[in-house]
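Asker: need the 3D shape of this:
(2 chains)
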There are 2 protein chains.
Amino acid sequence: MAIHSALIEALGACLGPRGLLTDPKALIPYNEEQRRNYHGEARVVARPATTAECAAVVRLCREAGVSVVPQGGNTGLVGGAVATGDQVLLSLDRMGAVRWIDPEGYRIAVDGGCILADVQRHADEAGRLFPLSLGAEGSCRIGGNLATNAGGLNVLRYGPARSLCLGLEVVLPDGRIWDGLRVLEKDNTGYALKHLFIGSEGSLGIITGAVLKLFPRQTSTVTALCGLTDVRAVVPLLSRARAITGDEVSAFELMSRFAYGLGVRHLDGVRDVLDTPFPWYVLVELSTSRARANLDETLAILLEDAFDSGLIADAAVACSEAQRQMLWTLREGLPEAQKKEGASIKHDIGVPVSRIPAFLERALPEVERLVPGIRPCPFGHVGDGNLHFNLTRPEAMGDRAFLDRREELNARIHDIVMDMNGTFSAEHGVGRLKTRELAQYRSPEEMDLMRTLKRALDPANLMNPGVIV
Amino acid sequence: MAIHSALIEALGACLGPRGLLTDPKALIPYNEEQRRNYHGEARVVARPATTAECAAVVRLCREAGVSVVPQGGNTGLVGGAVATGDQVLLSLDRMGAVRWIDPEGYRIAVDGGCILADVQRHADEAGRLFPLSLGAEGSCRIGGNLATNAGGLNVLRYGPARSLCLGLEVVLPDGRIWDGLRVLEKDNTGYALKHLFIGSEGSLGIITGAVLKLFPRQTSTVTALCGLTDVRAVVPLLSRARAITGDEVSAFELMSRFAYGLGVRHLDGVRDVLDTPFPWYVLVELSTSRARANLDETLAILLEDAFDSGLIADAAVACSEAQRQMLWTLREGLPEAQKKEGASIKHDIGVPVSRIPAFLERALPEVERLVPGIRPCPFGHVGDGNLHFNLTRPEAMGDRAFLDRREELNARIHDIVMDMNGTFSAEHGVGRLKTRELAQYRSPEEMDLMRTLKRALDPANLMNPGVIV
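Answerer: Coordinates of the predicted model:
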């Protein structure tokens, strides 16, 4: 239903001049999606400053039969926060406060619009760690991180956003507020409502507040780059690393020779730290807050064990913070380095950790068969089973011609992944981009359950319609 | 609706003679609840041997309009698996297999009826740890552990059952099977259905299979008993212990002087290991699988820090496995020791960790006011905020007279707990025992959400009706 002026007036009366944007220029940042796959057409952006205002917006829209699209930092990659001209875009960008912090109890409570880097900073200043960390952390907002169950760099050690959340405050599709701001690790009193909203991508309600877990701040870190001659070694290597280090592995990142080479070639200050080339590399990092931790020794034991059992063929340990930074610049600069080689097609896939080698052995020849000369650039968080299976165009092929093969390559890779009990969306979510895949790959029972939940909680289909189901 | 012979015949045809029990003697173990708070009256017990048979039972009962009560090991404490004579009790006790184990990938998949100790043993034999551990582990079944989100001894380090589960297979209230046997840590493809069934106490479906996480098996353990002069020290002590040990604290158990004294007095082979009495004691244990871990040193640093900052006044480190066992015999024998002092009234409560001292300062005078001479015996998992706030009758009072005060004491303690943003059921669940408390303490919005979910997934109210909502 179109937005009538009466609704705009009512929203303005509720939110005040700063709380309602209708000027086309002011709307641009809310309508531009990061990867430009989607263009929003919202003509009305509501910016509540409190949970009560947020609830009032939802109620007013509901009475007018207008649907609401919640938006956090607008850093999503699957079109989950994109509104049409007939919808009200509800931004959390005026609800960015830290509500309280309890360092001794390892807890922090924040508004849904709190920027992730602010959560991290408040924790750090209190001597604590909030471990969620991802590329967009300077602008993404915690409500969005929870709504999409964000992953990022520390999932291996601390789990995704879901694992870090103890309680939620949610504005429901009918405009009521659910106060689920619990602080407890153990609380068995009914259905896990919190988990229903986490990962629902704003389609079941709007996360306006959260209680989060904190951890001891790390005080020691050691980092090494390992060269592998066989990708099959990656599974036993991680397996032994977990046991030998007592689960103090905080990063375990795989890179193919091609990916590593791109980094060395294109990234400033990055050089190859191993004497000979290897088909595969693993960046491994251990960290702890333990007093008088001797992580150097632990790492040495791990590497020695890995050499002796033939899992790695070479390794370089970072001997200074500068060396450590170089290894991370290489790993984190891969998307940028890849850009220099022309168009690429990206996949946010996951397979069971033990099956990563089998997946690569199956997928790599398959993409070469489909597009001869294609340059696969796989890297990613092996510890989570989450690979960025990125494909760079053949040297002799144009960008456009290569991108025209996207659908075909996507379909084939997703087929392989799903055949191995994997996922076509490890961390980015479904949004509007992958609803077709969801319906295709998930069983009728599963789709039915999801649709039943959506209908039960949002019978009028006014909360971020078109997302997920 | 009563069970007609046609349904019994159909179930018998489906399940065979071993799969259907109607002989009153054979039914006794299924109808007896551990604490004898409830007496089941089931006249029909269905024991499917496969997921397909389990689904068939649900469908047959549904067609007959008969409700189903799922039962795992029948070790629950809140009447969640108790059937009336008009219901079919569905036991998972013939579905006890381990389906597969992947030690390198740290995963195990099991039937819903697999006994917890069997999961632990299979993991251990593969050099891995399945950390869920609780008193009933020799007879409770993993489907029940997941349906009730069981807690136990290792929640501080590894979280409750929910945290250990990656995927589920569930027979839905309509008799269909949801195959959600995922193996991935990261998978953002729609609503978190798994979490809806975990903790639903069998009221939304029957858990027939699960994929679980494994961990490195611990190889070093150190244990100490600390004497505290002030219970307020317990929060900073835990806080520092987490940081100093790098989160290698695997137990942090508080005991009052009265509780500790009962253990020393009544338990075989247990003696006081500290020279003078203290009002409060903490049993702390560190453990790790780390190679060449020097936990003795870490523990020494922790205890020295705690002495220097005045948090503890004395400590005894277990110097042998026998000494360690004695400390655990004391802690785990407390319920038994308590029995020797007459009737007691128990509470499975939780409060935010930081507020445990405030809770005790408020609740202890209150129960003394209500029942002068009452002997509170608080102990429990401080790290989780979960206290067993057990109350022993006054020496001069009869058991019966004391137990008559149960409702009154419960109500007062639950009021205090809920006022502190705590929980009246930290780990046992709601079942049939605490539905009144749930409706009383949870907001109308929350109750409404739970009832909406129940109605949506089980519109005919045939799956464990009367539990939770």
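
Asker: neighbouring strands - and their directions - for the helix or strand where A:Val284 lies?
Answerer: For A:Val284, the element it lies in under DSSP states H and E is strand A:280-288. Sheet pairing of strand A:280-288 (DSSP bridges) gives strand A:220-228 (antiparallel), strand A:249-256 (antiparallel).

Asker: averaged pLDDT, that strand. What do you get?
Answerer: Computed over strand A:280-288, the mean pLDDT rounds to 97.

Asker: so where do the strands sit in the stretch 51-200 of chain A?
Answerer: Ranges of strands in the stretch 51-200 of chain A, per DSSP state E, counting those that start in this stretch, are A:68-71, A:88-91, A:98-102, A:107-111, A:128-129, A:165-171, A:177-180.

Asker: related to what we said a few turns ago, pipe the strands paired with strand A:280-288 into a markdown table and attach mean neighbour count and mean pLDDT per row.
Answerer: C-beta coordinates here come from the backbone N, C-alpha and C atoms, glycine included. What follows is the strands paired with strand A:280-288, written out as a markdown table (neighbours: other C-beta atoms under 10 Å in any protein chain shown; pLDDT from 0 to 100):
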| stretch | mean neighbour count | mean pLDDT |
| --- | --- | --- |
| strand A:220-228 | 22 | 98 |
| strand A:249-256 | 22 | 96 |
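
Asker: let's have the ones you listed in CSV, adding distance to A:Ser287.
Answerer: Below are the strands paired with strand A:280-288 laid out as CSV (distance: least, C-beta to C-beta, whole Å):
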stretch, distance to A:Ser287
strand A:220-228, 4
strand A:249-256, 4
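
Asker: related to what we said a few turns ago, next secondary structure after the strand holding A:Val284?
Answerer: Using DSSP H and E, the helix or strand that directly follows strand A:280-288 along the chain is helix A:295-308.

Asker: who in the stretch 201-350 of chain A is up against chain B?
Answerer: A:204, A:215-217, A:235-236, A:239, A:242-248, A:288-293, A:297-298, A:301-302, A:350 (C-beta under 8 Å from any C-beta of the partner chain).

Asker: check contacts around A:Leu302.
Answerer: Applying C-beta atoms under 8 Å, 6 or more residues apart in numbering or on different chains to A:Leu302 gives the contacts A:240-241, A:244-245, A:284, A:286, B:291.

Asker: please name the bridge partners of the nearest residue to A:Ala55 once chain neighbours are set aside.
Answerer: Take A:Ala55 and drop its neighbours on the chain: the residue closest to it by C-beta to C-beta, 6 or more residues apart in numbering or on different chains is A:Val171, 4.8 Å away. On the basis of DSSP bridges, A:Val171 is bridged to A:Ile177, A:Ile206.

Asker: what about A:Val171, neighbour count?
Answerer: When counting by other C-beta atoms under 10 Å in any protein chain shown, one arrives at 29 neighbours for A:Val171.

Asker: so it makes contact with A:Ala56?
Answerer: No: taking contacts as C-beta atoms under 8 Å, A:Val171 lies outside contact range of A:Ala56: 9.4 Å.

Asker: run the chain-centre distance for stretch A:401-412.
Answerer: 23 Å (C-alpha atoms, centre = their mean, to the nearest Å).

Asker: also stretch A:194-213?
Answerer: Using C-alpha atoms, centre = their mean, the offset of stretch A:194-213 from its chain centre is 15 Å.

Asker: endpoints of it, how far apart?
Answerer: Taking C-alpha to C-alpha, to the nearest Å as the measure, stretch A:194-213 stretches 14 Å from start to finish.

Asker: and stretch A:167-184, by the same measure?
Answerer: This stretch, stretch A:167-184, spans 8 Å end to end (C-alpha to C-alpha).

Asker: what ranges do the strands span in the stretch 351-469 of chain A?
Answerer: Using DSSP E, counting those that start in this stretch, strands in the stretch 351-469 of chain A cover A:375-381, A:386-392.

Asker: for whichever residue of the stretch 301-450 of chain A sits closest to chain B, give me its contacts.
Answerer: Here the residue of the stretch 301-450 of chain A nearest chain B is A:Ser354; by C-beta to the nearest C-beta that distance is 3.6 Å. By C-beta under 8 Å, 6+ apart, A:Ser354 lies in contact with A:235, B:102, B:104-105, B:107.

Asker: how many neighbouring residues does A:Lys434 have?
Answerer: 25.

Asker: what's the neighbour count on the nearest residue to it once chain neighbours are set aside?
Answerer: Excluding its sequence neighbours, the residue lying closest to A:Lys434 (C-beta to C-beta, 6+ apart) is A:Ser425, at 5.7 Å. Residues lying near A:Ser425 (other C-beta under 10 Å) number 26.

Asker: now do A:Ser425 against A:Gln71, distance only.
Answerer: Taking C-beta to C-beta, to the nearest Å as the measure, A:Ser425 falls 19 Å from A:Gln71.

Asker: can you pull the contacts of A:Glu239?
Answerer: To be clear, residue A:239 is Ser; Glu isn't right here. Contacts of A:Ser239 (C-beta under 8 Å, 6+ apart): B:103-106.

Asker: residue in the stretch 1-150 of chain A nearest to chain B?
Answerer: A:Gly105 (3.6 Å).

Asker: where does the prediction get shaky in the stretch 201-350 of chain A?
Answerer: Within the stretch 201-350 of chain A, no range satisfies pLDDT under 70.

Asker: got a pLDDT number for A:Met1?
Answerer: 66.

Asker: can you check the one 4 residues further on too?
Answerer: Turning to A:Ser5, the model gives it a pLDDT of 94.

Asker: tell me the contacts of it?
Answerer: If you count contacts by C-beta under 8 Å, 6+ apart, A:Ser5 has none.

Asker: sorry, back to before: looking at the contacts of A:Ser354, which is nearest B:Gly65?
Answerer: B:Arg107 (40.0 Å; C-beta to C-beta).

Asker: how close does that closest one sit to chain A?
Answerer: Going from B:Arg107 to chain A by C-beta to the nearest C-beta, to the nearest Å gives 7 Å.

Asker: so what's the residue count around that residue?
Answerer: Neighbours of B:Arg107 (other C-beta under 10 Å): 21.

Asker: picking up where we left off before, burial count for the residue of the stretch 1-150 of chain A closest to chain B?
Answerer: 19.

Asker: and A:Lys25, by the same measure?
Answerer: There are 7 residues near A:Lys25, going by other C-beta under 10 Å.

Asker: cool, and A:Cys165?
Answerer: Neighbour count for A:Cys165, taken as other C-beta under 10 Å: 23.

Asker: report pLDDT for it.
Answerer: The per-residue pLDDT of A:Cys165 was computed as 98.

Asker: quick one: contacts for it?
Answerer: So A:Cys165 contacts A:146, A:194, A:198, A:210-213 (C-beta under 8 Å, 6+ apart).

Asker: quick one: pLDDT of A:Leu370?
Answerer: pLDDT at A:Leu370 comes out at 98.

Asker: wait, isn't it in contact with A:Arg406?
Answerer: No: using C-beta under 8 Å, A:Leu370 is not in contact with A:Arg406, being 11.3 Å away.

Asker: got the strands of the stretch 351-469 of chain A as a markdown table, with distance to A:Leu311 columns?
Answerer: Below are those laid out as a markdown table (distance: least, C-beta to C-beta, whole Å):
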| stretch | distance to A:Leu311 |
| --- | --- |
| strand A:375-381 | 19 |
| strand A:386-392 | 19 |
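
Asker: could I get those strands as JSON lines with mean neighbour count and distance to chain B?
Answerer: Conversion of these to JSON lines gives the following (neighbours: other C-beta atoms under 10 Å in any protein chain shown; distance: least, C-beta to the nearest C-beta, whole Å):
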{"stretch": "strand A:375-381", "mean neighbour count": "23", "distance to chain B": "8"}
{"stretch": "strand A:386-392", "mean neighbour count": "24", "distance to chain B": "5"}
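
Asker: mean pLDDT for those - can I get that in CSV?
Answerer: Below are these laid out as CSV (pLDDT from 0 to 100):
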stretch, mean pLDDT
strand A:375-381, 94
strand A:386-392, 94
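
Asker: please name whichever of these is nearest to A:Leu457.
Answerer: Ranking the strands of the stretch 351-469 of chain A by proximity to A:Leu457 (C-beta to C-beta) places strand A:386-392 first, at 28.9 Å.
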